[in-house]
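**Q** From the sequence below, what's the structure:
(chains A and B)
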Amino acid sequence: MSLPFLLEIGSEEIPDWMIPGALENLRSLFEEMLTKAGLTTPSVTVEGTPRRLVLRAEGLPERQSDAEELVSGPAKSAPPAAVAGFAKKQGIAVESLAVQSTPKGDYYCYTKKVAGQPVSRILAGALPDLILKIYFPKTMYWTGKTGPRFIRPIRWIVALLGGEVVPFEIAGVPSGNTSRGHRILGQPSIPVTHETYETVLRDNFVLLSAATRREKIRKEIAALYTHPKPDSTLEDTLVYLTEFPTAILGNFDPQFLELPKEVLITVMKHHQKNFSVEDGKGDLAPHFIAVMNIADDPEGLVRRGNERVLRARFNDARFFWDADQRKKLADRLPDLANVTFQAKLGSYLAKTDRMIDLVRQLGGDDFAIRAAQLSKCDLTTELVKEFTELQGVIGGLYARAQGEPEEVAQAIYDHYKPASMEDSIPTTRAGQLVSLADKLDTLRGCFAIGMVPTGSRDPFALRRATQGVVKILVEGKLPLSLSELLNNDRQLQEFVLDRVRYYFKDVRGYKYDEVNAVLASGWDNLVDVEKRLTAVQAVRPTENFEPLAASFKRIQNILRQAQFTGEGQGILSGLLEPGPEADLYSDFERVRCEASNLDYQRALETIASLRPKVDLFFDKVLVNAPDPTVRQNRLALLHAIRTESSTIADFSEIVTNS
Amino acid sequence: MDNFQQIVFKLKKYWADQGCVIQEPYDGEVGAGTMAPETFLRVLGPDPYRVAYVQPSRRPADGRYGENPNRLYKHQQLQVILKPSPDNVIDLYLKSLEAIGIDLSKHDIKFEEDNWESPTLGAWGVGWQVMLDGLEITQFTYFQQCGGVDLDLVPAELTYGLERLTAFLQVTDSVYDIEWAPKTSYANVRFADELQYSVYNFEMADVETLWKLFDLHEQEAQRLLTLYPKSTEKRRFPLLPAYDHVLKCSHLFNTLDSRGAISVTERVGVIARVRKLAVGVAQAWVDQQQEATAA
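**A** Residues are numbered from 1 along each chain as shown, chains lettered A, B, ... in the order given. Model prediction:
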């Protein structure tokens, strides 16, 4: 008979962003446990809300099947006492022992019958540890310092196999068949069965499925307002922050629209978890959408409460904006001496000075230099102290309001960009250079004092800074020398190379062997790297390329075996044997001449056209000629061919089928 | 509609009914109810305890000369400690909201992750900020460590922002418009403090004097902490007065900070000085409690 299984871990409110990961982890721990118990994995589904992590499985057997286990005993030559001891331990007579032949000789053995256990007993034994093993980034204890750890206190557990409770206990909480409804709207204690579970929860204002909650939020938003601003991050948060989400529309005084929209959106989204909305023209409209964790708001109490909080926040922002205008950005520069960047790397004033130098070295104009000078001044403003996520943006807005040139304002505004791999780079050249200078300074400084990221520890977000540098150099088409930018610091170069590889491979989608091939030919200038990659990618599917790459690998092996360095070794045409060798040479001379004047792609195509001659050469000519001078000359020819493409890509890195 | 003091009365009554000792505020400057010895020291050790008190909390940098409707130099917290935290602690908390007239079925309550940490006290816990219709009304924390010591019993700490809560219930946009008592507004009672302390903290506090005071309090706390291990009669040893001096240091640090008198390089160092004292007191306190139990 096959049975359904239901597990509901009832917890106090779990942080929204941890729930999807915890559910996946629960599923894989459960499947692992079944496999270990020799049970076939049935279909397992997981669902969760802030108060419950739920796992359901269909088709579990009632019992494990019986198994046989071969127990090895003493050697046949062992003293009788040892043999008797073994038999006794197994609970059988010596006569019942069998003998097994192994390469080491004959041994007594016994085939033990292991009766399958009831699955309920297996689950009851495994679940307490399994549940406490679910990974959360930060856990707590609640029954005392030696007690179990979980994300928040576990308050109830439902564990049903078929119609029976799987009995176990965690932190004094026994499993049962009683769930709980919505904290405010539902019943505090509800008996459930497999059949009724989801509908009973629904009747108690718990929508178990995240997809259902998401759908409800989307539908209601669409019904409330014609131009909602979709925001999937905020949606995720609200889906996992509620058990019964309901959207409502609220308003704010249109006079607040005078404040920068960046500030208004930040307040709504990050501080209040509200969606902002737009009018038909794409401007911010004086409304917002809140998502409640109850069914309705007939008297408008929740709407008015949210409106008042927003009003207070916007008033604060206006108060800070006005207060900040009393001191211009430029006048705040000396105050940066009192803001630490990093204990060993000094204040933000010191950082600003280094950034100005860097922008100059990078070839920045006066706008870029001015922007670098003012870029960190907003750190002393009230508005940035309140909305730290808007640093840079606020500086840009203030610069504009205070009459700095638009180029300067925009560069300050953008200089934390790109915030992620998905984010765009600064729009202007000045912004790109200030952003580069900021990030490079952080990287150089941190590496110089040994603050190198390890594993998941990266407190200064150096990986993100590096990705920003790579993205700006490539997408801003800035042909700058990376090694110089990186202070020729070897460890830093390794770190950056890793991010360069990640960028081209995972962000841009180039094949890993193409990236390896191109980077092996140098990566000092990332704009050039991209050009070479595009060329390799374009030539790769042509018929000659991969076979040639395979030949190059062969050439590389031959050169390595011969320990050929190629130093000072010209090709002596007189030593070339007429036929395939001389033909290859003359074709190579033609290619060498042509390729030097072509762009990368055409050059690669031309080099690839050598392929028939290379093939013929390997087919007919013995590289390892008995005459050492002839042999050296052939090696020199191969070396020259291999070197010809080496400024574009190292073909031997290309993975081929042949 | 309830005025400010009625809300305080109701909350105190509610928690008294849940077995809390109703304490009066700590009689010195603190930045939060957590720092009062009724929380900081009482959460240590194996003895159960339940306490509630209003704690005026001073944050010099938050002063706004009485001009900002939502920011105060000194605000009032209702601090509740339930040690150990009972299984139904969240239900108890929600009922306290009903006790002050909030109909939960008509409002939106959310528990949003917010973990609390105080580097100065060597203390941290996990929990939530409780949101009522988008307004943060309570900080809810399960303490895990205090003074660098793992806690034997895990206490739940509930910290209500009384001004916010009252402004919400009275539907006013400015804390100064809150009705404190009949015909008496919050501004009548508190405006002068807000103005004068802002002037003092931002403009007139004498930096040199404050540093001297800081050093003196630090020396006195340190002197006592050095004497404690040698003391033969540990139960009599004045650790509570030592902790008073630690709190003085903490407040002086905050005032110096708001005065802009602490440079970047100094800042981390000064926090470490205060933490060292706080951790010292906490550890000595745990030891003293054990001595007292053993005796």
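**Q** CA atoms for contacts and neighbours, from now on please.
**A** Noted.
**Q** Would you mind listing what in the stretch 51-200 of chain B touches chain A?
**A** For the stretch 51-200 of chain B, the residues in contact with chain A (CA under 8 Å from any CA of the partner chain) are B:68-70, B:85, B:87, B:104-113, B:126, B:133-135, B:142, B:144, B:150-154, B:168, B:173.
**Q** farthest residue from the center of chain B?
**A** B:T232 (33.0 Å; CA atoms, centre = their mean).
**Q** Which phi and psi values does it adopt?
**A** Phi and psi for B:T232, reported as degrees, to the nearest 10, are phi -90, psi -30.
**Q** can you list the weak-confidence ranges in the chain?
**A** I'll assume chain A. Low-confidence segments of chain A, defined by pLDDT under 70: A:567-568, A:657-658.
**Q** oops, chain B please
**A** B:263-265, B:295.
**Q** Helices of that one, residue ranges please.
**A** B:4-17, B:37-40, B:89-99, B:162-170, B:186-199, B:207-227, B:239-258, B:264-294 (DSSP state H).
**Q** so what are the domain limits for the chain?
**A** Unless you meant another one, I'm taking chain A. A:2-63+A:118-203, A:67-114, A:210-324, A:333-520, A:542-653 (automatic domain parsing).
**Q** was after chain B, sorry
**A** Listed domain ranges for chain B are B:4-200, B:206-294 (source: automatic domain parsing).
**Q** so which of these comes closest to A:E581?
**A** Closest to A:E581 of the domains of chain B is domain B:206-294 (CA to CA; 72.4 Å).
**Q** What's the end-to-end length of the closest one?
**A** One end of domain B:206-294 sits 47 Å from the other (CA to CA, to the nearest Å).
**Q** how far does that domain sit from the chain's center?
**A** Centre-to-centre, domain B:206-294 and its host chain are 17 Å apart (CA atoms, centre = their mean, to the nearest Å).
**Q** can you check stretch A:634-648 too?
**A** How far stretch A:634-648 lies from its chain's middle: 39 Å, per CA atoms, centre = their mean.
**Q** Need the residues that contact it.
**A** For stretch A:634-648, the surrounding residues in contact (CA atoms under 8 Å, 6 or more residues apart in numbering or on different chains) are A:518, A:521-522, A:532, A:552, A:555-556, A:559, A:564, A:566, A:569-571, A:576, A:585, A:588, A:592, A:600, A:604, A:607, A:623, A:651.
**Q** which ones among these are found in helices?
**A** Secondary structure defined by DSSP H assigns A:V518, A:R532, A:F552, A:I555, A:Q556, A:L559, A:Y585, A:F588, A:R592, A:Y600, A:L604, A:I607 of the contacts of stretch A:634-648 to helices.
**Q** quick revisit: the residue farthest from the centre of chain B and B:E220, how far apart?
**A** 20 Å.
**Q** Then A:L559?
**A** 78 Å.
**Q** neighbour count winner among those two?
**A** A:L559 (18 against 15; other CA atoms under 10 Å in any protein chain shown).
**Q** which one is that one nearest to, not counting chain neighbours?
**A** Excluding the flanking residues, the one nearest A:L559 by CA to CA, 6 or more residues apart in numbering or on different chains is A:L635, at 6.7 Å.
**Q** which SSE is that neighbour in?
**A** Using DSSP states H and E, A:L635 falls within helix A:628-644.
**Q** what about dumping the CA coordinates of that helix to CSV?
**A** Output in CSV follows, covering the C-alpha atoms of helix A:628-644 (Å, rounded to 0.1, in the frame of the first residue of the first chain):
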residue,chain,number,x,y,z
PRO,A,628,68.9,16.9,-36.2
THR,A,629,69.1,20.1,-38.3
VAL,A,630,66.1,19.0,-40.4
ARG,A,631,64.3,18.1,-37.2
GLN,A,632,65.1,21.5,-35.6
ASN,A,633,64.0,23.3,-38.8
ARG,A,634,60.6,21.4,-38.7
LEU,A,635,60.1,22.3,-35.1
ALA,A,636,60.8,25.9,-35.9
LEU,A,637,58.2,25.9,-38.6
LEU,A,638,55.6,24.4,-36.3
HIS,A,639,56.5,26.9,-33.6
ALA,A,640,56.1,29.8,-36.0
ILE,A,641,52.7,28.6,-37.1
ARG,A,642,51.6,28.2,-33.5
THR,A,643,52.9,31.6,-32.6
GLU,A,644,51.2,33.3,-35.5
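**Q** What residues of it count as buried?
**A** For helix A:628-644, the neighbour count (16 or more other CA atoms under 10 Å in any protein chain shown) marks A:630-642, A:644 as buried.
**Q** could I get the residues you listed as CSV with distance to A:S435?
**A** Below are the buried residues of helix A:628-644 laid out as CSV (distance: CA to CA, whole Å):
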residue, distance to A:S435
A:V630, 57
A:R631, 55
A:Q632, 52
A:N633, 52
A:R634, 52
A:L635, 49
A:A636, 47
A:L637, 47
A:L638, 46
A:H639, 43
A:A640, 42
A:I641, 42
A:R642, 40
A:E644, 37
